[in-house]
Structures are given as structure tokens and as C-alpha cells.
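Peer 1: When you get a sec, could you give me coordinates for this:
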Amino acid sequence: MAEQIVSLVLTKLGGLLIEECFFLKGVKKQVELVMIHLGQMQGLLRDAEERKNKGNNGTKQWVKDVRDVAFEIENVIDMYAVKIHNVTAKHVPRWKRCASKIVALHKLGNATSAIKEKIRTISESANNLGIKKLGEDVGEARLPPQKPVVPDIDDDEIVGFEVDRENIINKLIDGPNTHIISIVGPGGLGKTTLARKVYNNSKVKELFGIRVWLSISQDFKPIDVLRKMYEKVTRQNRLAVEDAAGYLGEINKSLREKRYLIVLDDVWTNDVFDWLKDGFPDVGNGSRVMITTRKEDVALDHTRVFRLPLLDKDESLKLLLKNAIQNPDFFLSRSNELQDVAEKLAERCDGLPLAIVVLGRLLSKKPCDHAHWSQVEKNLDWYRDGEGCMNILYSSYHDLPYYLKSCFRYLACFPEDDEIQAVPLLRMWIAEGFMDHNKKGMLEDEAEHCLEELAQRSLVQNVDRYYNGSIKYFRVHDLLRDLAIHESEENDFLLICNKENTQTDFKKARRVVIHNNHKVESQNQNLENIAMPNVRSFLNFDIEVPVGIRYPLLRVLELEGSKNLTKLPEELKSMIHLRYRALRHVTLGNVENDTLPGPPPQSANLVNLQTLEGITVPESWRDGLPHLPSLRSLELSYFDKEENGSTVMPDWKIVLTLLGTLNKLVSLFIRGDRIPAEIADVKTSPSYQHLQTLILCGPVGSEPPYSTRFFLDTVELPRNLIKLTLWYIWFDKDPMPKLEKLPFLKSLSLWGIENIEEMVCSAGGFPQLQNLVIWYVHGLKQWKVEKEAMPLLKTLAIDGCNKLSALPDLNHVKTLQELSLGGMSDVLESKVNDRTGEEWQKIQHVPTIMIDYILVTRTATNS
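Peer 2: Got it, this is the predicted structure:
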């Protein structure tokens, strides 16, 4: 932690010397001296961190002092930037600008002088403590993760899980009446992993027409669980009036229609089932509820209990070696000593698969020899006073390079058992400065590499991946989340709001998170009056947040799901350090939803903003657009309005003008009633040179009032597009001949497309396409896929095309791995289900085929 903040501060100081060279004449020498002393301390930090982790309290305090002084310098620099930016606005008279700069410079000089003395004192104490500079560690280099030393271990390969899975599946099948199965055992034993293997098993998918997975956690709120359950069971949005009885009634009614399997993961109390049981009808069709829990008393309350056993000595060693090296037998045959230390390491894991897998992945990063493995075994005694599984997890955490430690600690922001969406998290990491902004290449790629590295080390668990293999959703095990929280608190990295917090806790907080938790609601009412002068990230999860709070140094603002805001803070438009801002699903009472305060150009200060999501174009943008030169991701809506009984159309020229200024834009998502075709035209918006993702949701027209047909031939789409999604668009003709010429397109989704009766994908078209979704193209009757079209296609989904008379011949698309079909005409569906005729022959080579969300075939029968 200390090493990263020192590195960040040194970068900022260097930038300050370059950018403010003229005005820093009086204090330039002091700033340079601060940089020199801080750089010297940076070289000592690695040794100090090693000593601190071995329990040296004096060194622990020294590291804290370094971190605090680095924080202080960063605060001084960032506040100086705020003051200078405020006084250099065009509307400020020139004489006042100069005077204000002199005042700010004087304050900077005083602050750096005081900090210099602190640094001198800290440097002297390093000598007294015997802290010395260590050599550079090549492990700190920011390199993309290499191909893992060992392949990813499927959860199914965890020793014993094959038998356990089959035992539970047999319990699910046995008997017509609805009953409950509990999987019970301590944390880290693999209860959730085993439950997921059962849940995703092909036999289970065939047996249960409705399957729902719900993560409960310790701090569950019944209404939130019911809402999620309702949305998953009915595939509809939340009820207009939310109450438990309403949700339970609708859930019960929907579950009567098919045989269902409901999984309640991580249950801590008996009252969870009491809250939900009225939603589980027993109609004698063999439906099941499955629970995972650490609590024996919760399990005993239910009818069938499965106690997951610890792994024995041999099973533990086998699993450890699978995760550590590619060819265990070959390596162990070379060294009896290596066999001995491997057995000792496996024994330290106490039979817990989580500890074994994490330790194995740590070993996979080390040379496979006795010396390095013995050092790992010795290091386990340094952490957390030898607390079993936790000191193994902590050892893996300590082995991370410093920038990955910050990425891992940031995971503590998210609620327990949350399925975390990767893309927003990666943008937050970038906004926080965890990625190297001086490095060539896309910051998003570097952030993705960091997440993959955490996954390779089994510090996060994959839930779902995109078509290209990158992580889409993941979760953090409770024990690893506990570790992230502990390290965040230990390093003053993060403050999670709850009723125990006091105002003094907030004064030094750099990141503040409010979870959807009844414990914080009474405290939350007072947040408006609490000073948070140093906060860099503010994340809220689905509760009311007061307005009027001033966070001048804020970098990340996540308000998704916030309720009952009366307005958004005016201060948002003057936060020059703000880089990430998400307002999706914010409820603003009677005020227009998601409206961004739109400052005129002369007072716009959002110069560092990188992500802006979930906003509606405000009326104030007619008077002047915000200056957003750093924006990388934009999501906005612009709909018709009703005024005095008539419809007022949006003024899209505002948006087109803004888009023309966004030279760093990578992702664009537009919703609207009448979207002009120019939105997608690179000729209109030359700033699209970096654009990789384009999503248009709403009628797109080539001429006013933009509610007519989309003449695709008149538009030059951005050449570098990787992902393109088009919703509710009326094309003038088959769009495939145009779209298939995009050379880098990997994902294409067409939803609710009108006026298309025939589509043709020609030979050589879509050379890079891997994912294709065709949903509710209502008029589609014929679709031809020529040979050599889509040569890399992996996943295909066709749904709601009820006039399609035949499937395209996909026999030549040998790369196709997953095919999902739904909403077909009765005639086509009967032909496909026949599994002998011409339609089945077109698709029979595909390993995984789903029809109406039910798995009908899969090559790997045990998965």
C-alpha cells in the first residue's frame, strides 16, 4: 500500500514541476527535495514491509508514517490543482488569477516545507530501525499475466467432488414431493463450488425447467432477496408496489408451472427460509430447494443434510500439486525433498479446498525447487499469527505486486456474496490510478490483465465469461473478502459505513462505501453533515444518499440504485479530479431521472472524467456543453417530452456536437426515441477513431424526425468496432452485407429489428465475429449463411424469430460451441426437436444446444 501511494505521489510531483514550472520558481527547490527524500524512502519500503509482516511493530509504525506523509503530499498537490483550476477559468479577471495563483503557491510552499521536515525525521528513523534498501524485485513489473504454469483446474476435478456431486444429484431426483437439501460445512470447504456444479449439471438442467440461484449472505434484506427471486423466476422487472406478500404470490404462481430448483447460497439464519417458504409451492412434481450453510443448526432444520467432508492427506496433496505444477509425477520423481515439503504444505491447509487451491496457485508462480517451496512454507508462519486457512490466504496476498494489492483491496467495496460485474470495476481501477497511465496500449487491457492475474491466483472466482474468454462476472469468497476488508482497514484504504462509524472515522477516509444494509440507514441520514475532505471514492449500493456533500478530491462516484434523491449535487460539475461517475437506476423523486448538471464551457471542470453512465441529456446543455476531454465511456439517454399536450423532440445536435469533442471515447451507449443515423457515422464524429463498443437502443432514422428507416449504406461505421448492439431499429434492407465488412467486429447483437425478411451472411464476411445474437427480428423468414462466413463464431443465440422457416446451415461453422434457440415457430421447433431431420443435421455438431432455456445436448456429459 505505502509503496504504491509513494509511487503515485512521485509521479504527481514530477508532473507538477513540468506543468507549473513558471509559477513554482519560489518553491521548486523544496518540491524537488521532497521528491528526492520520498524516492529514497520508496527504496526502503520493500524491506520495511517484509519486517512489518514478520511482526516488527517498530517497522509497522514506520511504514504507517511513510504512508501518512505520502497521503498528505497527495492531498496538498490535489488541492493545489483544484485551486489553480478554479482561478484560471475564463470568467475570472486576469489580475485576480495571478493574485490567486500567488496565494495558492504560498500555501503550497508552506505545506511542502512542513512535509520536508516530516520526511527528514522519518528517514532518520529508518537508520535506527535498521531498514535497508533491497534490490529491485522483477515480480513488481507491470506485465500482462503469462499463460498459467498450470492449466485452469475445473472445479469438477477437485478431489472427491465427482462423488459428492452425484450423491446430491441423486437426492434431487429422489421422490415427487418438494423437499429441501442442505450442504453444510466450514468456510473454504467448497460448498458453493459443489452447489454450482450440481446447479449447472446437464442432467439437472434437463430435469428442472426453472432454476434460480440466490446469494443470501449475513446481512440479507428479505425484500431485496424477494425482488431478485421474482425477476429471475418471472423474467420481469420489479413490482410497481414492493411488498413481501405481492412478490411471494407472484413467485408461487410462476413456480407452479414447471419443476423448479431454487438454490439459497450462504444462509446464516433459520428465518431466511421462513421468509421465503410461501413462495415455494409443493405440487408433487419433484421440485427442490437446495441450501448451503456453515451453520449446523440451519442445516438440521431441513429434511436432508449433506455434510461435506474435509479432504484427507492424499487428496489434499493431489489437489495442491494439480494447481502448482503441470506434471506433478515428473517433478516429484526428481526430488524426495520436494515431495517432503509438498506434503508439509498440503498438511498446513487442514483439508480445506480453498486454502489448497490458493496455496497451489501461489506455488505455481515460484520456481519448482526445494528452496523456493521451503521459503513459502516458512513464510506461512509470519502472517496472522498462524490462524489456519487465513494465514495461507494472507501469504498469497502478500506475494502480490503492490499494484495488484490495491486492486485486491478494492474488492472489499462490494457487498458480501455479490456477483461483481467486471467492466465497471475495471473502469474504477483505472479512475483510481491503479493502472500505469504512462504505458502504451489501452488502460482497459491492462486492467483486464490485472483481474485475470487475480483469477489465476484463485483470489477471485469466475462466475461467467464473455465469448472471448474475458471475465464477465465474478465473486469473492467470504474468507478472501474478510482478508480484503482487514487489509483495507489496516492500511486506511477503505471505510465501509455502518452504525459503528463516527465522524472521526470519516475525516481521514479516502474511500467510503455504503452497502444495502439496514444497519447504516440511521447513520446515513447524517452523512450530509460529515466532513470527508480526503475521500477519493464514494460508492453507494441501493440506499438513500443525501445531497450537498462536497468531495473536492473525488475520483470515483458510484450511485447506482440510490433511492429518493431530491436532486444531484451541484458540486458534481466542479470536481476536476472526478474520473468515474455512474448514476444508472438512480431514483430522483419528482425530478428528471439521472440529469447531469450541465455547466457552460467556461465553468466546466470535469476535465479528468473518464466514465459517465446513466444520465439523461439536461436542458442546460443547450446553453453550453461540458468540457470532457478525457471521457472514455459514455452512456446517455435522450427521449421525447410531453409539454402542454404536445411532443417535443430532442435536439440531437447537442449530442452530436459533444461527441465531436470526445477524442478518447472507447465505449458509447445511446438510448432514445428518435436517434439520428449520424450518431453512428464516423464522418460526423471523427473522434470515433478509438471507439470499440457502440450500443444504440431506439429507432434510428436517416432523416428528421429520425423515426423512419435506417439507411445503413449512407453511414460509415467506425472501423475499429469490436462490439455492436442495435435495438428496435427499422432497416431499409438486410444489414448483414454492410455489417459483415467490419474487420475487427467480435460481437454483434440485433434486438427487435423490423422490416427484414431475408438475411445473407456471405463468404468471407464477419472474419473476427465470435458472438452473434438475433432476437425478435419479427419479420425474418429466411437466413442464409454461406460457406466460409463467420469462420470464428463461438456462440449463437436466435430467439423470437417466429416466422423463420428454417435454420441456416451451420455445418461449416466448426468453431461454434454454444447454440441457443427460442421462440421458434411450431413447425420449426418440431423439426429441430425431431433430432433426425434436415434441421437437426444443420446444428448437430454444436457441443452445447439450448432450446427455450433448457439444455438438450452437450458433448461433455459430466459437466
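Peer 1: how much space is there between Lys344 and Ser316?
Peer 2: Distance of Lys344 to Ser316, computed by Cβ to Cβ, to the nearest Å: 11 Å. Placement of C-beta: from N, CA and C, glycine included.
Peer 1: ranges for the helices of the stretch 451-600 of the chain?
Peer 2: All helices of the stretch 451-600 of the chain, identified by DSSP state H, counting those that start in this stretch, fall at 478-490, 503-507, 521-524.
Peer 1: What about the spatially closest residue to Phe710 that is not a sequence neighbour, how many residues nearby?
Peer 2: Residue nearest to Phe710 in three dimensions, not counting chain neighbours: Val700, with 4.5 Å by Cβ to Cβ, 6 or more residues apart in numbering. Residues near Val700, counting by other Cβ atoms under 10 Å, number 29.
Peer 1: which other residues reach stretch 793-805?
Peer 2: For stretch 793-805, the external contacting residues (Cβ atoms under 8 Å, 6 or more residues apart in numbering) are 467, 766, 769-783, 807, 810, 813, 815-825, 827-828.
Peer 1: again, 7 Å this time
Peer 2: With contact meaning Cβ atoms under 7 Å, 6 or more residues apart in numbering, stretch 793-805 is reached by 467, 769-783, 813, 815-825, 828.
Peer 1: Buried ones among the residues you listed?
Peer 2: Buried by 16 or more other Cβ atoms under 10 Å: 467, 769-777, 780, 783, 813, 816, 818-822, 824, 828, out of those.
Peer 1: can you pull the contacts of the residue nearest in space to the middle of the chain?
Peer 2: Per Cα atoms, centre = their mean, the C-alpha nearest to the average position across the chain is that of Ala422, at 2.4 Å. By Cβ under 7 Å, 6+ apart, the residues touching Ala422 are Leu451, Ile471, Lys472, Tyr473, Phe474.
Peer 1: State the distance from the fourth one to Asp418.
Peer 2: Between Tyr473 and Asp418 the distance, using Cβ to Cβ, works out to 10 Å.
Peer 1: Helices of the stretch 651-800 of the chain, start to end?
Peer 2: 652-659, 736-739.
Peer 1: low pLDDT regions in the stretch 551-700 of the chain?
Peer 2: The model of the stretch 551-700 of the chain has pLDDT under 70 over residues 560-574, 583-605.
Peer 1: let's see 80
Peer 2: 551-552, 559-576, 581-607, 614-615, 618-627, 640-650, 683-687 (pLDDT under 80).
Peer 1: those strands in it, which residues are they?
Peer 2: Taking DSSP state E, counting those that start in this stretch as the criterion, the stretch 551-700 of the chain carries its strands at 556-558, 580-582, 611-616, 633-638, 641-643, 646-648, 667-672, 675-676, 693-697, 700-701.
Peer 1: I'd like those strands laid out as TSV, including distance to Val535.
Peer 2: Shown next, in TSV, are these (distance: least, Cβ to Cβ, whole Å):
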stretch	distance to Val535
strand 556-558	10
strand 580-582	14
strand 611-616	18
strand 633-638	22
strand 641-643	36
strand 646-648	39
strand 667-672	26
strand 675-676	37
strand 693-697	30
strand 700-701	41
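Peer 1: of the ones you listed, which approaches Cys761 most closely?
Peer 2: Evaluated over the strands of the stretch 551-700 of the chain, closeness to Cys761 peaks at strand 693-697, with 19.8 Å, by Cβ to Cβ.
Peer 1: circling back to that earlier point, as TSV, the helices of the stretch 651-800 of the chain with mean neighbour count and distance to Thr725 would be great.
Peer 2: TSV is the format used below for those (neighbours: other Cβ atoms under 10 Å; distance: least, Cβ to Cβ, whole Å):
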stretch	mean neighbour count	distance to Thr725
helix 652-659	17	17
helix 736-739	18	12
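Peer 1: Lovely, talk soon.
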